[in-house]
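# fold the following.
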Amino acid sequence: MRDGPAAAGERVPESLALLIPSYRGGGAEGATVRLANELAGRGLLVDLVTLSAEGPWQAQLRPEVVPICLRTRRASTSVPGLAGYLRARAPDVLVSNMFHLN
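This is a model prediction of the structure:
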């Protein structure tokens, strides 16, 4: 059973990266932007990583959410950029959305 926000000895993540293809579309992209905003509002360091920075959802980001664009159009060509991002920023957790990104 958990005691408070973390069980004894359990490390609580402080930084989080969320990965989506772009700010276009609806369901997954919108839900991820809303999740990023909520987590940032609760004090987590949140990066929202996209393959491209296109789409209307970017305008909905809270200022505390850091947008990171890998500048590619395909998940298969995003691996080097994503690896570089992970080495540089080293988030505690990476959560991807949508089948082709998983």
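# what's the local residue count around L51?
If you count neighbours by other C-beta atoms under 10 Å, L51 ends up with 22. Yep, even glycine has a C-beta here, placed from its N, CA and C like the rest.
# my read: it touches I68, true?
No: the criterion here is C-beta atoms under 8 Å, and L51 misses it with I68 at 10.4 Å.
# any idea how far N97 lies from Y23?
N97 is 12 Å from Y23, where distance means C-beta to C-beta, to the nearest Å.
# how about T77?
When T77 is compared with Y23 (using C-beta to C-beta), they lie 19 Å apart.
# which neighbouring elements make contact with the longest helix anywhere in the chain?
Among the segments of the chain that qualify as a helix by DSSP state H, the longest is helix 27-41. Applying 3 or more C-beta pairs under 8 Å, 6 or more residues apart in numbering; DSSP states H and E, we find helix 27-41 packed against strand 15-20, strand 45-50.
# as TSV, the ones you listed with mean pLDDT would be great.
As requested, the helices and strands packed on helix 27-41 are exported to TSV (pLDDT from 0 to 100):
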stretch	mean pLDDT
strand 15-20	97
strand 45-50	98
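# coming back round to it: so N97 and Y23 - more neighbours on which side?
More neighbours surround Y23 than the other of N97 and Y23, with 23 against 16 (other C-beta under 10 Å).
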